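1. Here's my sequence, what's the structure:
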Amino acid sequence: MGALWIAHVTVTDEEAYKKYAAGATVAIAEHGGKFIARAGLFVQLEGKERPRNVVARFPDVETAKKCYHSDTYQAALEFARDASERELMIIETTE
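-> Numbers count the residues shown, from 1 in each chain. Below is the predicted model:
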């Protein structure tokens, strides 16, 4: 089964968040991930709205978890910690 990273983000420091995004993009690619949605048009139907929403596809849940815990991603994440409010989850796909 595949897996998705789903992130809902409010960016509070654009410059620092750009550094996070650059590093996260590298980490995701290193783990076979591909972005399928990135800050595009969205319609919030329920819950808390965040202006930036990102979805990346991975081969499986284990690979998505390894990406998150990788040195590359953790280094990038340091830029996001004080530059955003965010939720991130991994969800297994049915395909």
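2. Could you check which helix or strand contains Arg86?
-> Here Arg86 sits within strand 84-92, counting by DSSP states H and E.
3. Would you mind identifying the next helix or strand past the longest helix that the chain contains?
-> Taking DSSP state H as the criterion, the chain has its longest helix at helix 14-30. Note on helix 14-30: by DSSP H and E, the next helix or strand toward the C-terminus is strand 34-38.
4. What strands flank that following strand, and is each parallel or antiparallel?
-> Strand 34-38 pairs in its sheet with strand 52-58 (antiparallel), by DSSP bridges.
5. correct me, but Trp5 touches Phe58?
-> Yes. In this structure Trp5 lies within contact range of Phe58 using C-beta atoms under 8 Å: 6.9 Å. Placement of C-beta: from N, CA and C, glycine included.
6. joint contacts of these two?
-> Ile28, Gly33, Ala64, Cys67, Ile90 (C-beta atoms under 8 Å, 6 or more residues apart in numbering).
7. In these, find the pair that's most separated.
-> Farthest apart among the shared contacts of Trp5 and Phe58 by C-beta to C-beta are Ile28 and Ile90. That separation is 12.2 Å.
8. Kind regards, and thank you for your time.
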